[in-house]
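Enquirer: kindly return the folded structure for what I paste below:
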Amino acid sequence: MKQQTRRQFLNTATRSLGVFTAMAQSDSLFAQSSGERPPRADGITVLNPRARVPVGLIIDDSTCLVNLNRFSMSQFDLTFGGANATYNKNWREWPAEIPDAFVRKFGEWCAEHGVKGKYSIVPYPACVGRLDRLLPGWSQRELEASLELVRTLIMPNWDIHPEMVTHTRVIDTKTGHPYPDASPKFMENWEWTTGRSVDEIADYMAYALRILKNVGLPCEGITTPGGFGTRARPQLAQATLQSVRDVFGAEIPHYFRDLFDRGEQSVAPRVEYASGLETADPRCVVSVLGCTGDWTGGWDCTPPAGVDRFITEDLQRGRMVEVIQRGEPALILAHWTGVYWNGQELGFKIFQEVVRRLHARFDNLVWMKLSEVARYWAAKELTRVERNGGALRLRAPFACPDFTVRLEAAENQTPTLRVNQEPKPLREVNAPLKLVAGTWCRDGKFVNVCFALPKGASEIRIAG
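Expert: Here you go, the predicted model:
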């Protein structure tokens, strides 16, 4: 059988995802369950946060100091016995390090422009060394400084995810060493998850999460490397829910596994395995989807597709324009190795221009971390809404900032908000894009209300 490259495996998997989601209510191996859903009374529509469109940047293959693609190439080449040209590049000429000076440059620019998203930290990058123990080739002082840079500069605006343990060889969690088998069956990017139970995959995820916990990097989600979990999607989702809650106590775990970089397939987050919504311990896991390919420069430093794939120079076309115009979260995929691009920073330059064009074209964007997107969609789908006379009663299993709803109202009517029977002030603003928590505005025959949704009970009433 002809082996697939990592890229081909991932692209094939994401193109076929529609088959898997179409079977969401079946007993198929590939069918994730949505779980519980509460009743929703007519008369209320949950809008995007602050009536804006979420955008974000998903950075894969990042870690401290190690230039992951340089150290991965020979391991992938071993897996395919030298027969795959993708892994026969001159990787020895590539730098061993992506320096912290670039991390600082990137992080400061993103903070200045309001950019948020997800930043992977591979815990044991390409088997070079564990970030909580030793990173051969770098001093302990350099490693500690790199970790501190992530804590202070990256974490405020980015979720930290492990991208499994090594992003290459599967680690035996009992010994801490790679399995001796270097075939696709024991590579994280390919077949290891096939046939594995929820507990086995959760144990592996927890191993990665504990390394990051040891170095003071809290996580609410995980990222899958390559094709990890492609043929074990229900197990992957449940293992994420189990491991992220167990290690970090995260209320709403999420994961990044899939993307759709073309077509009309929805890229809205998928809230899965919801349970216990009426109890003190509600649970769910959220699959967060990307909407672009790695057009800033491939993980292996292939030539980047360029800015126009995201948004054209005239600001009228491109994948980001398509997704934003239909109001769904527009989350860009980029690989850290391609952003740095062996010191040429090709991907970073492309991303900077993408941001410039997006801000020139749209005034209704809100940059969000993946955890913030996941929380909003969990609240959007899992909050019970019941009508009680002229009031709409909400019971939320999860609190959520900037929760924004639309209700029909006559011209002389205004909304009021009560939380646990106590009135909360609402201030009128004159346009939807001026909404912040604690405000409302008229929007034709509707009113839009933005408020901090509490866990538990709240009530919205429209009165003259």
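Enquirer: can you report how many residues neighbour residue 427?
Expert: Using other CB atoms under 10 Å, residue 427 has 9 other residues around it. Where you see a C-beta, it was placed from the backbone N, CA and C, and this is true even at glycine.
Enquirer: beta partners for the closest residue to it other than its chain neighbours?
Expert: Counting by CB to CB, 6 or more residues apart in numbering, residue 427 lies nearest to residue 439, which is 5.0 Å off, once chain neighbours are set aside. Beta-bridge partners of residue 439, counted by DSSP bridges, are residue 427, residue 450.
Enquirer: residue 439 reaches residue 432, doesn't it?
Expert: No. With contact defined as CB atoms under 8 Å, residue 439 and residue 432 do not form a contacting pair (10.1 Å).
Enquirer: following element in sequence after the one helix or strand residue 205 maps to, please.
Expert: Residue 205 belongs to helix 198-214 when assigned by DSSP states H and E. Using DSSP H and E, the next helix or strand after helix 198-214 towards the C-terminus is strand 221-223.
Enquirer: show me the contacts for the residue nearest to residue 427.
Expert: Residues counted as contacts of residue 439 (CB atoms under 8 Å, 6 or more residues apart in numbering) are 426-429, 449-450.
Enquirer: same question for residue 416.
Expert: 423, 426, 460-461, 463.
Enquirer: out of these, which end up buried?
Expert: Buried members of these, counted by 16 or more other CB atoms under 10 Å: 426, 460-461.
Enquirer: quick check, nearest of the residues you listed to residue 293?
Expert: Distance to residue 293, by CB to CB, is smallest for residue 460 among these, at 41.1 Å.
Enquirer: surely the closest one meets residue 449?
Expert: Yes. Between residue 460 and residue 449 there is a contact at 6.2 Å, judged by CB under 8 Å.
Enquirer: coming back round to it: from the contact counts, what lies against the helix holding residue 205?
Expert: strand 221-223, helix 233-248 (3 or more CB pairs under 8 Å, 6 or more residues apart in numbering; DSSP states H and E).
Enquirer: angle of that helix against helix 233-248?
Expert: Angle between the axes of helix 198-214 and helix 233-248 is 40 degrees (criterion: axes from the mean of the first three to the mean of the last three CA atoms, to 10 degrees).
Enquirer: would you map out the domains in the protein?
Expert: According to automatic domain parsing, the chain comprises the domains 6-37+53-375, 383-463.
Enquirer: other SSEs contacting the helix or strand containing residue 59?
Expert: Residue 59 belongs to strand 53-60 when assigned by DSSP H and E. Judged by 3+ CB pairs under 8 Å, 6+ apart, strand 53-60 is in contact with strand 117-120, helix 319-325, strand 330-335, helix 336-340, strand 365-367, helix 370-382.
Enquirer: out of the ones you listed, which gets nearest to residue 70?
Expert: helix 336-340 (8.3 Å).
Enquirer: what is the rounded mean pLDDT of the helix or strand just after that closest one?
Expert: Sequence order places helix 346-361 as the next helix or strand after helix 336-340, per DSSP H and E. What helix 346-361 shows for mean pLDDT is 98.
Enquirer: how about helix 346-361 as CSV, C-alpha atoms only?
Expert: Listed next in CSV are the C-alpha coordinates belonging to helix 346-361 (Å, rounded to 0.1, in the frame of the first residue of the first chain):
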residue,chain,number,x,y,z
LEU,A,346,8.1,34.5,5.6
GLY,A,347,5.0,33.3,7.5
PHE,A,348,5.1,36.1,10.0
LYS,A,349,5.3,38.7,7.2
ILE,A,350,2.3,37.1,5.5
PHE,A,351,0.3,37.0,8.7
GLN,A,352,1.1,40.6,9.4
GLU,A,353,-0.4,41.6,6.1
VAL,A,354,-3.4,39.4,6.6
VAL,A,355,-4.1,41.2,9.9
ARG,A,356,-3.7,44.6,8.2
ARG,A,357,-6.1,43.7,5.4
LEU,A,358,-8.7,42.2,7.9
HIS,A,359,-8.7,45.3,10.0
ALA,A,360,-9.0,47.5,6.9
ARG,A,361,-11.9,45.5,5.6
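Enquirer: hmm, back to that, from the chain's centroid, how far away is the helix holding residue 205?
Expert: 18 Å (CA atoms, centre = their mean, to the nearest Å).
Enquirer: residues in contact with that helix?
Expert: 121, 123-124, 130-132, 160, 162, 164-165, 170-171, 173, 193, 218-219, 222, 229, 232, 235-236, 238-240, 242-244, 246-248.
Enquirer: and these, which are buried?
Expert: 121, 123-124, 130-132, 160, 162, 164-165, 170-171, 193, 219, 222, 229, 232, 235-236, 238-240, 242-244, 246-248.
Enquirer: centroid residue for the chain?
Expert: Taking CA atoms, centre = their mean, the centroid of the chain lies closest to residue 370, which sits 4.1 Å from it.
Enquirer: ok, that one to residue 220 distance?
Expert: For residue 370, the distance to residue 220 equals 8 Å [CB to CB, to the nearest Å].
Enquirer: give the residues shared as contacts by those two.
Expert: By CB under 8 Å, 6+ apart, the residues touching both residue 370 and residue 220 are 159, 254.
Enquirer: residue 189 reaches residue 167, doesn't it?
Expert: Yes. Residue 189 is in contact with residue 167 according to CB under 8 Å; the separation is 7.3 Å.
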